[in-house]
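J.: sequence plus predicted model, see below.
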Amino acid sequence: MNTREKVRVLVAKPGLDGHDRGAKVVARALRDAGFEVIYTGIRQTPEAIAEAAVQEDVDVVGLSILSGAHMALVPKVIRLLREKGMEDVLILVGGIIPDEDIPKLRALGVHGVFGPGTLTQDIVDFIWQALEERQTSATATE
């Protein structure tokens, strides 16, 4: 994938958290930066998120969680994505994430964790850099 082609990003709110202002701000910033953004809305199940990721053939899945249920929801979403053959999707988590959970999330396969106050440009830059690094790695192994 040429990382400057249209990159598809799924932004989802798993679980019972009904506060989506931050997710909408990030989704808009990603769209404004040239990404194709699919926003699934609030109160999504991990199954619905994984299915949407497959149907939309996304490159990035961004999960916004403010409820504190990240250690239950994120592993399930990751497992379902892998079961559906989406091992290469970039997984991002945003919201209220305690510092001590960040290494655990990374060990599960989360590529980036973004807390409150993160500049949207930092998220945009992170995605471009991560996708470019993947492309470079893939090219090097061919």
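T.: Sure, I can see it. Numbers count the residues shown, from 1 in each chain.
J.: every contact and neighbour count from this point should use C-alpha atoms.
T.: Noted.
J.: let me know the secondary structure of the residue nearest the centre of the chain.
T.: By CA atoms, centre = their mean, the mean C-alpha position of the chain lies nearest to residue 62, the distance being 2.1 Å. Here residue 62 is strand, with the state taken from DSSP: H, G, I helix; E, B strand; the rest coil.
J.: how close does it sit to residue 137?
T.: Distance, residue 62 to residue 137, by CA to CA, to the nearest Å: 22 Å.
J.: repeat for residue 60
T.: Distance, residue 60 to residue 137, by CA to CA: 17 Å.
J.: mind listing what's buried in the lengthiest helix in the chain?
T.: Assignment by DSSP state H gives helix 120-141 as the longest helix of the chain. For helix 120-141, the neighbour count (16 or more other CA atoms under 10 Å) marks 120, 123-124, 127, 131-132, 134 as buried.
J.: what helices or strands is it leaning on?
T.: With contacts defined as 3 or more CA pairs under 8 Å, 6 or more residues apart in numbering; DSSP states H and E, the packing partners of helix 120-141 are helix 21-32.
J.: can you give me the offset of stretch 30-44 from its chain's centre?
T.: Distance, stretch centre to chain centre, for stretch 30-44: 10 Å (CA atoms, centre = their mean, to the nearest Å).
J.: over to stretch 17-35?
T.: Distance, stretch centre to chain centre, for stretch 17-35: 11 Å (CA atoms, centre = their mean).
J.: on that earlier part again, give the bridge partners for the residue nearest to the centre of the chain, please.
T.: Counting by DSSP bridges, residue 62 is bridged to residue 11, residue 92.
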